[in-house]
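> Show me the folded form of this:
(2 chains)
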Amino acid sequence: MRTVLVVDDEPLARARLLDQLRELAPEVRAFEAGNGVEAISQIEAVGPDVVLLDVRMPGMDGLETARHIQQLNEPPSVIFTTAYDEHALAAFEASAVDYLLKPIRIERLEDALKRASTVAIGRQAHLRLSVGQRRTHVGTMVAGRLRLVPVDDIVCFRADQGYVSALTRAGEMIVEESLKSLEEEFSEQFVRVHRSALANIKEVAGIEKDQHGNVVLKFVEHALEIQISRRLQSKVRKRLLGTN
Amino acid sequence: MLVIRPGLNRGFLSIAKLASISQAATVTAASAAVCGRFDNLSIDRCTRGYHTVCGALGKRQVNTEVASEKDKLFLPNFCEVGPIFAVVVLSELLALMISVARVGFGPDLFSDLALISLYVQWLSLTSAAVLCVARGFLASLDERQAAIVSYLMILGINIAICEVAWWVINPVIGEQVLMTIAHQEFVLRTLAVSGIFAALVLRYFYVQHHWQKRIASEASARLEALQARIRPHFLFNCLNTIASLTRQAPEKAEQATEDLADLFRASLSDAGALATIDEEISFVERYLNIERLRLGERLQIAWQLEHIDGEIKLPRLTLQPLVENAIYHGIEPSTDGGTIEIHSRIVAERLEFVITNPVSGNATSGNRMAQDNVRQRLAAHFGEDGGLDIEAGDSRYQARVFLPVTP
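Numbering: from 1, shown residues only, chains lettered A, B, ... in the order given. Okay, here's the model as predicted:
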């Protein structure tokens, strides 16, 4: 074990863990991150063997961060830390390497680190966190790096020739997920407008008819127009009215 | 239950026989219903002969009676042994009262008591049995309706039994043996006595039910109050902070431990305890000291307290839980943190504390336990003059506590 990343939003909680790590193994290189997004970029920068990950964090929480970590080519072992999250405990108990309750005892930390170094990394790939938990970010590997896009920034998801991509104001990114699973996960925020497209309700400007007589969806800050399937038209209208 | 002495006249024996047959039927119905209540728990309680009745009644009872209804209805469950026994004892006391009034403590007391008891028990046990069967229906009514309906039911049953006694039993034992009074008179007397007695008994059950309910709700309110005031998430994070500070900054750890101790001492005090405004503000400050250690720069506080009389009293820990809510829902879910505003002002003879927090996109919605608890305690102490208003906007969430300036 050489490199450990400590992720926690509370500076004093990080300080304590770093202290304990130093005491356990002075040769360990320890890094820290204050939230999930920062953690992902740190992981790519320093390539830790183990990540000590707080469950309750602002923005992207620990459970979601762990999900994104699993997408990496060589994901580090994840050990969750938490003060008191009875629901979260149930969600990861079966699949994480270990979880530690704060304030963490140094013996428990030692055990968990030992276990992390012996558990085969492949086993962790099966980490499945509670179904139905919505992510705040969608991530994809781009040129060997994990790119995270906040779900709020996505204008629409569309499928084209077998690839699903997420369209943002800034550009387009391939996501390795099916439209169906995305639709299920983000049904509160996105509506299916076509067999091959999901639109972010908050980004929709309105519904119009184009010169060919097709009914199309227009977006607030994106020139894109998506044709709405005939059979979905009334459903889309209802969703847009219901939320605006 | 009945004292039957040899040497009673034949007339009485035959009325006793007939009456006991009908009474047996009543008891049968009642015990069958009792069996019904228990039939999935302990089938052996069912007397063998009544199995079929049990089955039929039992199903109905189980279906109609859900737990909440059971708590709602003020009547005890007459399908159970305890209440039936109470009815028997109360009825016997009534019978004794009537007999003593009629014949005094002479040699006739026991024969008179036997007869009266028979009649009274017959009436009351039949009433109890009907209330047992009608329990599901009564529970579906509101309290006032249930009281009226059950009272009318009892009166109806009593008139019916009264008529049966007059038309069936009286002719059998020969005219004028016991019932030396006119038909109308007989019915009226029975109704008057049973009407008054039933009203008293129902009232007794009603008062007892409410008394028990109050004790139960007081106990659960105390428990809720405790849970509302001690958020486990806060406690364990705070302990973790202290553990961390113990090495790095022992003086700060000491301070945090003292602050936590004060907060917990206040939390664990009696739910009705009062504190002055100054004390309340110091609780908030202690709490904020701890949170500031934990959240660092993410937590900003803007105090703005107008000249207020620090001696005004209010329920202890009224403000701190609201500030805790503001941090839990407004600051913690946000990566950048934010500012909590705590303002006080005097508006129309009322002192107001306004606690405002920014609304974060990922805010979690709570179960409003802390708010309900604060609201209840303010109402209990100030009545309508004190309270808590919530204003939930898109970007700001505001909790406003108000109380009278002059208590």
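> For chain A, just list every one of the helices.
With DSSP state H applied, chain A shows helices at A:11-24, A:36-46, A:62-69, A:86-92, A:106-118, A:121-124, A:179-185, A:233-243, listed in chain order.
> How about the residues of chain A by chain B?
Taking CB under 8 Å from any CB of the partner chain as the criterion, the neighbours of chain B within chain A are A:9-13, A:15-16, A:19, A:34-35, A:56, A:58-59, A:83-85, A:101-104, A:136, A:152. (Glycine included, C-beta is placed from N, CA and C.)
> Of those, select the buried ones using a ChimeraX command.
Selection of the buried residues among those in ChimeraX, burial being defined by 16 or more other CB atoms under 10 Å in any protein chain shown:
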select /A:9,10,11,12,13,15,16,19,34,35,56,58,59,83,84,85,101,102,103,104,136
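> In strands, which of the residues of chain A next to chain B appear?
Helix and strand membership here follows DSSP state E; of these, those in strands are residue A:101.
> re earlier: will you turn the helices of chain A into a markdown table that also has mean pLDDT?
Compiled in a markdown table, these are given as follows (pLDDT from 0 to 100):
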| stretch | mean pLDDT |
| --- | --- |
| helix A:11-24 | 94 |
| helix A:36-46 | 93 |
| helix A:62-69 | 86 |
| helix A:86-92 | 61 |
| helix A:106-118 | 88 |
| helix A:121-124 | 48 |
| helix A:179-185 | 89 |
| helix A:233-243 | 83 |
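> just those: most buried one?
Neighbour counts averaged per stretch over the helices of chain A are highest for helix A:62-69, at a mean of 24; criterion: mean count of other CB atoms under 10 Å in any protein chain shown.
> Show me what that helix is packed up against.
Under the contact definition 3 or more CB pairs under 8 Å, 6 or more residues apart in numbering or on different chains; DSSP states H and E, helix A:62-69 sits against helix A:36-46, strand A:50-54, strand A:77-82, helix A:86-92, strand A:137-142.
> what mean pLDDT would you report for stretch B:373-383?
Summarised as a single mean, pLDDT over stretch B:373-383 is 86.
> can I get the CA coordinates of that stretch in CSV?
Backbone C-alpha positions of stretch B:373-383 (Å, rounded to 0.1, in the frame of the first residue of the first chain) are rendered in CSV as follows:
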residue,chain,number,x,y,z
ASN,B,373,-41.9,20.1,18.4
VAL,B,374,-41.0,23.8,18.6
ARG,B,375,-44.4,24.8,17.5
GLN,B,376,-46.1,22.6,20.1
ARG,B,377,-44.0,23.9,22.9
LEU,B,378,-44.6,27.5,21.9
ALA,B,379,-48.3,26.9,21.7
ALA,B,380,-48.3,25.1,25.0
HIS,B,381,-46.6,28.1,26.7
PHE,B,382,-48.0,31.1,24.9
GLY,B,383,-51.3,29.9,23.5
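> buried set for that stretch?
Applying a neighbour-count criterion of 16+ other CB under 10 Å, the buried positions in stretch B:373-383 are B:373-378, B:381-382.
> Run through the residues that contact the closest residue to residue B:158 other than its chain neighbours.
If the residues on either side of it in the chain are set aside, residue B:158 comes closest to residue B:194, at 4.5 Å by CB to CB, 6 or more residues apart in numbering or on different chains. Going by CB atoms under 8 Å, 6 or more residues apart in numbering or on different chains, residue B:194 touches B:123, B:154-155, B:158.
> looking at the helices of chain A, which is closest to residue B:290?
Taking CB to CB as the measure, the helices of chain A were each checked against residue B:290, and helix A:11-24 came out nearest at 10.9 Å.
> Would you mind listing what in chain B touches chain A?
Residues of chain B found near chain A, taking CB under 8 Å from any CB as the criterion, are B:232-233, B:235-237, B:239-241, B:243-245, B:247-248, B:293-296, B:298, B:332-335, B:360-362.
> again, only this time at 6 Å
With CB under 6 Å from any CB of the partner chain as the criterion, chain B comes near chain A at residues B:232-233, B:236-237, B:239-241, B:243-244, B:247, B:294, B:296, B:333-335.
> Of those residues, which belong to helices?
Helix and strand membership here follows DSSP H; of the residues of chain B next to chain A, those in helices are B:232-233, B:236-237, B:239-241, B:243-244, B:247, B:294.
> so which two of these are the farthest from each other?
By the measure CB to CB, B:232 and B:247 form the most distant pair in those, at 24.4 Å.
> rewinding a little: element containing the residue nearest to residue B:158, please.
helix B:183-229 (DSSP states H and E).
> Quick check: mean pLDDT of that helix?
For helix B:183-229, mean pLDDT rounds to 81.
> which residues does the closest residue to chain A within the stretch 301-407 of chain B contact?
In the stretch 301-407 of chain B, the residue found nearest to chain A is residue B:335; the distance is 4.4 Å by CB to the nearest CB. Taking CB atoms under 6 Å, 6 or more residues apart in numbering or on different chains as the contact definition, residue B:335 lies against A:35, A:58-59.
> Tell me the one among the residues you listed nearest to residue B:114.
Closest to residue B:114, out of all of these and judged by CB to CB, is residue A:58, at 81.3 Å.
> so the closest one makes contact with residue B:333?
Yes: because the distance of 5.1 Å satisfies CB atoms under 6 Å, residue A:58 is recorded as touching residue B:333.
> before we move on, the earlier item: can I get the buried part of the ones in helices among the residues of chain B next to chain A as one PyMOL selection?
Typed into PyMOL, the line below selects the buried ones among these, using 16+ other CB under 10 Å:
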select buried, chain B and resi 236+237+239+240+241+243+244+294
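> Look up how far residue A:34 lies from the closest residue to residue A:36 other than its chain neighbours.
Using CB to CB, 6+ apart and skipping the chain neighbours, the partner closest in space to residue A:36 is residue A:60 (3.1 Å). Relative to residue A:34, residue A:60 is positioned 11 Å away (CB to CB, to the nearest Å).
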